[in-house]
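K.L.:
Make a model of this:
(2 chains)
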Amino acid sequence: METRIPRLLFVAGLAGVLAGSRLAAQDVVEAAPELLTAESRYYRIVDVPTPKAVALEVGGLLALGDGSVLASTRRGEVWRIRDAYGPAPQFDLWARGLHEPLGLLAHGGWIYVAQRGELTRMKDADGDGRADLFETVCDFWKISGNYHEYNFGPRLDAEGNLWITTNKPFGDEPFGRVDWRGWALRIAPGGSIEGVCAGLRSPAGIEASPAGEMFYTDNQGEWCGASKLSHLEVGDFHGHPWGIAAAKLPQSRVAPVEQPPSGMLMPDYATRNPAFKLPAVWFPYDKMGKSPSGFVWDTSAGAFGPFAGQVFVGDQHHAMVIRVSLEQVGGRWQGACYPFKYGFASGIVRVAWGEDGSLLAGMTNRGWGSRGGSEQGLQRLEWTGAVPFEIQAMTALPDGFRLRFTQPADPATAADPSAYALQSYTYKLHSDYGSPESDVQPLAVAAAALAADGLSVDLHVEGLREGYVHELIAAGVRAPDGRALLHAQAYYTLVRIPPATPAGR
Amino acid sequence: MRLFFVPAFLSAAGAAIALAAPAPPSGAREDLRHAGELLLGELACTRCHAAAPQVEARLQPRRGPSLDAVGARLAPEWIQAFLRDPRAVRPGTNMPHMFAQFPPQAKAVLTEALTHFLVGQAGPMAADPTGVAPDWIESGRKLFHTAGCVACHLPQAPAAEFNPDLYGGGGVNPFAGGDDEDEDEPAAGAADPVWASPRLEFPELAAKWSLASLASFLTDPHQVRPDGRMPDFALAGGEARDLAAYLLREQAEDGPQPVPGLAWSRFQGDWQGETPDFAGLEPAGTGTSDRFALIEGGERFGMRYEGLVAIPQSGTWRFSTTSDDGSRLWIDGVLVVNNDGTHAMQERSGEVELAAGTHAIVVTMFEYSGGEGLAVHWEGPGIAKQEVPPAALSRLGLRYAAPTVPGFAVDPEQAAMGQALFVKFGCVECHAPDGALAGLAEPGRFPDLAALRLDDPEGNCLLPAPPPGVPDFQLQPAQRAALRAALADRPRLAEAQTAAELVADRMERLRCLACHERGGMGSPETERRAYFTIQDYGDLGDEGRIPPRLDGVGGKLRPAALARVLAGEEAVRTAMATRMPRFGAPRLEGLAEAFAEADSKPGDLDEPEFSEEIVAAGRWLVGQDGLACINCHGVGKLRSLGIPAVALDKAYARLRPGWFRQLLLDPDALNMNSRMPAFWWEGARHFPDVLDGDPHRQADAVWSYLSLGDAMPPPPGLEPDPSAFELVPTAEPYLFATFFAGVSPRTLCVGYPERLHVAFDREGVRLAKAWKGDFINAQGTWVGRAGALEVPSGSEVLDLPPGIAFAELAWRADGQLSRWPEPAPQRGALNARMLGYALDVAGVPGFRYAIDRRRGEQVVEFARITETDLPRLAAGGPRLLRRFHLTAAAAPPRLWLRAAVGETIEAVGEHEWLVDGRLHVRLEDPSATPRNVVLRTRPDAAGNEQQELLIATVLRKTAAGSVLHEDEFALELSW
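P.N.:
This next block holds a predicted model:
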């Protein structure tokens, strides 16, 4: 009799997709073809042709700046893809023998890679096209031998520290339970390590903002009612109690946390435990992907379209890229997410900027299934130069929200409050897998004031609630030529309501 | 080429034809005597007419079938009919007619009594409840016509069905031009006297056997027929059952009908996460079961059950499976229960509306690792939840009517009389010479062979019609003449056979010649050749399908290899459909040695020089830019680029070096009838840059490379299947990081082309394991969510000493060295710290780690070590070389290496030790400085006495005035 816990009862994964495991994968509902066609007028998916013998199950992506791309795979290989942006890329094996390398970073002449058991740096010292030096940067944490013990990163913060996030195990721990799973760990340049944030679940993406602040994505599951993008600050507790025992260890920068009670609404728990960090953005389940992973800031200053400064997030289940706009209110990051581009070939685990300005999407759905017909691969997303009619950003006002459009809106529709549907809800912090949208409240748009240039509208909304998602469907808004918004949905996570003074924004 | 001569002659029917020629020419007198000698052995004359041991040894008198349990095996009516007139029932049998001259009334009484006695041996035969699946019959039919049965037995279907390729190309079809009627008239083949050797037909098998008894016989024929004439084909996985189902197909009653039990198939495979689609997979075994139950436990297997379930009442039915790991259940093709996934015992159920009556049911399950189990429950109108009972389960099958006699009971009086007859008539001499009944026989009732009078008119087996009580072998005149000729020279019968005679004798009597040619005799005759087929890919011509010629085989194969082939323990011609069967050790005694004596040449076992450089040259020569042997020959699991000729890794263990050298340098002299090309002819020199272009040295280099056998690094040009999960290092070391069973979750495995591999534990900072053969299968790490604990694919796994390799030890006041620091109960290295690894130009990793010393809270590094673990090729297989390079900023107190731990460690030379009688450890120390070595006994963690071998490091200044110290040495491990 094997005593391990049935794996399929746990419904999480590399990016912790959804309940029901692989069977659910058979129920995948693909995005509507007409939407895919419409999206592709503005953003076009381009295949990176891959030899059949290469199992390009991408875990890490890095554009090297010389026309080539490094891709680490879940099989422990690193491929150097030369002429990656051309029609006939060349694949050379750069390294092999890594353990689920799920992130790459170029730093100080080395390539850093997060493996299961250690943070490693490697280089091709003799210049023969193959890595030959592999140094253990840090192996402070242990692993128990569970498949779900993935590590993500590393990423550099503003002070030059390296950050990684660690997945918690599911099921068998054949070599015994270990600490520091479900944490964000920070490694100082001198090598000393600290556990800086606890309560992570399946933190499949970690990234530094252009200002050097750290963010991560987490996957819906137990103690994580909905997938999210969260700001990582020293001392945070993000809600999952699995690894909190380590908070008592000397390397922890998180104050000891008590086991949270199961079943409270998240904003209520946040009131009770100030260390509990509400996310900057929740990704409502299935409405906005199911399994967020890697993400990048758009630093292209407009070369990738009208979303400069925003964030693009890969989703492993929906094989899509989600768009996020962030703002800081009352010292807290918050913002909205929007559908951006559906129709990739497989579940996206990593995104990275290519030097040609396209967005690289590294994919693998092995073990979880996803939309798209492939199990793995690499694609690029190119801006065609055409500007879609979109909600460019949804931002918070003391008494409602402001929408900016990418193109002027038709005043007859955009100034009509009935063009907008709004509701708010939050999630429970509990041990069940995922949370229903809880305490749902429909909201009325009392007034819609369109700016003279037609590029923004202020919606006056009564009953804003902190700690709630405010879901907006702007189905009635049209461009002057009658076009609907390419994507009418926006989901704003209101952590703080902006103060009424100083007046306006 | 002559077709085989003597076997036909041995059969009574064939004899007339074989010897119906005009009077033998000169020299034929010896042929006649020789034929008589074979008859003496085959008819087992010396079983009754006792002979000296030398005569017995020469004649090898054949043993009759064992009649233990004959009653359970054969039908009573068949037994009696056979006793009444053996040849009428089974033409060509060697069984003499015992009652030929008795009046019919007496014959009836005698055979009746004997039948009761024989049926009383564990009988009567049981009726056969087994239902036969139609595909068993088809599988048996294919097996019968391709495995080699038809080398001796009459085919029952046209060869074209089994060898369609050949019939585009002008093969001769014995049934050619005919229609299906031919199949019903196998006697049509009898026009050819040799090929239709009648004793090899199967008249009325259906009247003789039950499905179970024939299958049992076919599984282990030597148990019943110790003479080896019906060889053992090592039938497995339902093959015997399939063959029996085919051969007894006349017993089938009309049409498939529900028969009790479910059909199951068992599959082997590494599945995790979900049940595979068993549909395209070859089962490892099949059978029937009266319930959904695992036939046997184990790891990494799957089961599929198929049959009918009888639903007693229409309504909603709830089915459930309880399984470890996953299972699924379908009714009428609809998935009702999905209990898939890798998990412990868990129950899942589903409901389905079903009408009363039978419905198709399929259940699949798989087991990855750990415990396993399966139970299927139902619950429906009028039935509380319970396991689906056997009475509700059936499958479609053919009922076979076994030739039982309803109401037959053994009459004890008749049986007692039969037993007395069995002794009196001498049956016991052939059938039970070692049993209790043999002791009842009156000694001396048959004259000894030496005392036989050939002209005795009273009771002489050689008379055309022997009197009642004397066995009638129904000999042809020519056979009687031959026997007389042999008996006329009885001193000759006491002489030992020469090697050549022994080989010829065995090849004739065991019917080796039915398949093999030697000395211009034998090999399948034209009509039967078509049944010899190739089952693998590629065209190998006749070499791929006809068993090899045996001319000179004793000079080709090593004695041990020949013995393995004869014992059926080695099959290198994997592409060939025909199997080399097993004849049983007693019949093969001395045969391998006789082949060797007859064929071998002096010095042909001498080995050429071995060195790593010579091996490298040989490896290159075998590869694509050299002789390109890989065009036809694979290595291990790596297939050739073309046809499936014998794999090269098998060559060394099989072939004599002298023969191989001749094969490469002068293949014509071997007259191999092979398509193997000649590489050097008339002094031609190829590859002048390799070993001075010397063909002899190049041929020897190829041999030295082949001598690595299972450890041959793949030659250039052979590549593994990229879609396979079995990792095969070819040109360079293969690094693979994984969770490793019994080591740690941070194990880095290094696979070497030299087929020696290591697992380095980066958590414990130690070399943990080394093994040989195949490297590793990555499926558990690369499929699904993965995360399996991997294990070596290969064999001869060596566990290195536990704990860290280097530690500081001190000399205590009592002159003893301090204890080796054992790892703490918590995981991780004691005071070693992993630094990483660097690959050299060949891709070999050198593992780097630091040895730390703790001063309070402070950790101070005081030595760095690079350990490189790699194979070294040597005659007899690769060895593990552990190279250590140490540096330290200052010379610290002695660091010691724990080189070995074992129950016994003995010094077997200077700097050489033998651990537990298995592992050789040799210290290679390039420095001239003496190095301390301590071999001591100490208790292990469990308190058992163990020995450990400790080797001191000697850290010396790298240069005068330098602060850097270093040391370098190596251990060579062979096992």
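K.L.:
which residues of the stretch 201-350 of chain A fall in strands?
P.N.:
A:205-208, A:214-218, A:227-232, A:264-265, A:281-283, A:292-297, A:311-315, A:320-329, A:332-341, A:348-353 (DSSP state E, counting those that start in this stretch).
K.L.:
ok, residues contacting the fourth one?
P.N.:
Contacting residues not belonging to strand A:264-265 are listed as A:272, A:426-430, A:438-439, A:467 [Cβ atoms under 8 Å, 6 or more residues apart in numbering or on different chains]. The way it works is simple: take the backbone N, C-alpha and C, and place the C-beta from them, glycine included.
K.L.:
Buried subset of those residues as a PyMOL selection?
P.N.:
In PyMOL, this line selects whichever of those come out buried by 16 or more other Cβ atoms under 10 Å in any protein chain shown:
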select buried, chain A and resi 426+427+428+429+430+467
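K.L.:
could the contacts of strand A:264-265 go into JSON lines alongside secondary structure, distance to chain B and pLDDT?
P.N.:
Rendered in JSON lines, the data for these read as follows (DSSP: H, G, I helix; E, B strand; the rest coil; distance: Cβ to the nearest Cβ, whole Å; pLDDT from 0 to 100):
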{"residue": "A:R272", "secondary structure": "helix", "distance to chain B": "35", "pLDDT": "96"}
{"residue": "A:T426", "secondary structure": "strand", "distance to chain B": "31", "pLDDT": "98"}
{"residue": "A:Y427", "secondary structure": "coil", "distance to chain B": "26", "pLDDT": "98"}
{"residue": "A:K428", "secondary structure": "strand", "distance to chain B": "27", "pLDDT": "97"}
{"residue": "A:L429", "secondary structure": "strand", "distance to chain B": "26", "pLDDT": "97"}
{"residue": "A:H430", "secondary structure": "coil", "distance to chain B": "24", "pLDDT": "95"}
{"residue": "A:S438", "secondary structure": "strand", "distance to chain B": "30", "pLDDT": "97"}
{"residue": "A:D439", "secondary structure": "strand", "distance to chain B": "34", "pLDDT": "97"}
{"residue": "A:G467", "secondary structure": "coil", "distance to chain B": "34", "pLDDT": "98"}
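K.L.:
show me where the stretch 351-500 of chain B has helices.
P.N.:
For the stretch 351-500 of chain B, the helices defined by DSSP state H, counting those that start in this stretch occupy B:412-424, B:427-431, B:477-488, B:490-493, B:499-509.
K.L.:
Mind checking the ones you listed for the one nearest to A:L229?
P.N.:
Between A:L229 and the helices of the stretch 351-500 of chain B, the tightest spacing by Cβ to Cβ is seen for helix B:499-509, at 81.4 Å.
K.L.:
Report pLDDT for the residue lying closest to B:E353 once chain neighbours are set aside.
P.N.:
The shortest distance from B:E353 to any non-neighbouring residue, by Cβ to Cβ, 6 or more residues apart in numbering or on different chains, is to B:T316 (5.7 Å). Note on B:T316: pLDDT of 94.
K.L.:
which residues touch the helix or strand harbouring B:T316?
P.N.:
Here B:T316, judged by DSSP states H and E, is contained in strand B:315-324. Contacts to strand B:315-324, defined as Cβ under 8 Å, 6+ apart, come from residues A:1-2, B:311, B:327-329, B:331, B:336-337, B:339, B:343-354, B:363, B:365, B:367, B:370-381, B:385, B:388.
K.L.:
rewinding a little: export the strands of the stretch 201-350 of chain A as JSON lines, with columns for mean neighbour count, mean pLDDT and distance to B:G280.
P.N.:
Formatted as JSON lines, the strands of the stretch 201-350 of chain A follow (neighbours: other Cβ atoms under 10 Å in any protein chain shown; pLDDT from 0 to 100; distance: least, Cβ to Cβ, whole Å):
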{"stretch": "strand A:205-208", "mean neighbour count": "24", "mean pLDDT": "98", "distance to B:G280": "39"}
{"stretch": "strand A:214-218", "mean neighbour count": "27", "mean pLDDT": "98", "distance to B:G280": "40"}
{"stretch": "strand A:227-232", "mean neighbour count": "26", "mean pLDDT": "98", "distance to B:G280": "38"}
{"stretch": "strand A:264-265", "mean neighbour count": "18", "mean pLDDT": "98", "distance to B:G280": "52"}
{"stretch": "strand A:281-283", "mean neighbour count": "29", "mean pLDDT": "98", "distance to B:G280": "40"}
{"stretch": "strand A:292-297", "mean neighbour count": "26", "mean pLDDT": "98", "distance to B:G280": "34"}
{"stretch": "strand A:311-315", "mean neighbour count": "28", "mean pLDDT": "98", "distance to B:G280": "34"}
{"stretch": "strand A:320-329", "mean neighbour count": "22", "mean pLDDT": "98", "distance to B:G280": "34"}
{"stretch": "strand A:332-341", "mean neighbour count": "25", "mean pLDDT": "98", "distance to B:G280": "38"}
{"stretch": "strand A:348-353", "mean neighbour count": "26", "mean pLDDT": "98", "distance to B:G280": "31"}
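K.L.:
where along chain A do the helices fall?
P.N.:
Secondary structure of chain A, counting by DSSP state H: helices at A:21-26, A:33-39, A:266-272, A:411-414.
K.L.:
Any idea which of the helices of the stretch 351-500 of chain B gets closest to B:T937?
P.N.:
Closest approach to B:T937 among those is made by helix B:499-509 (54.2 Å; Cβ to Cβ).
K.L.:
Next, B:R241: secondary structure please.
P.N.:
Secondary structure assignment for B:R241 (DSSP: H, G, I helix; E, B strand; the rest coil): helix.
K.L.:
That'll do, ta.
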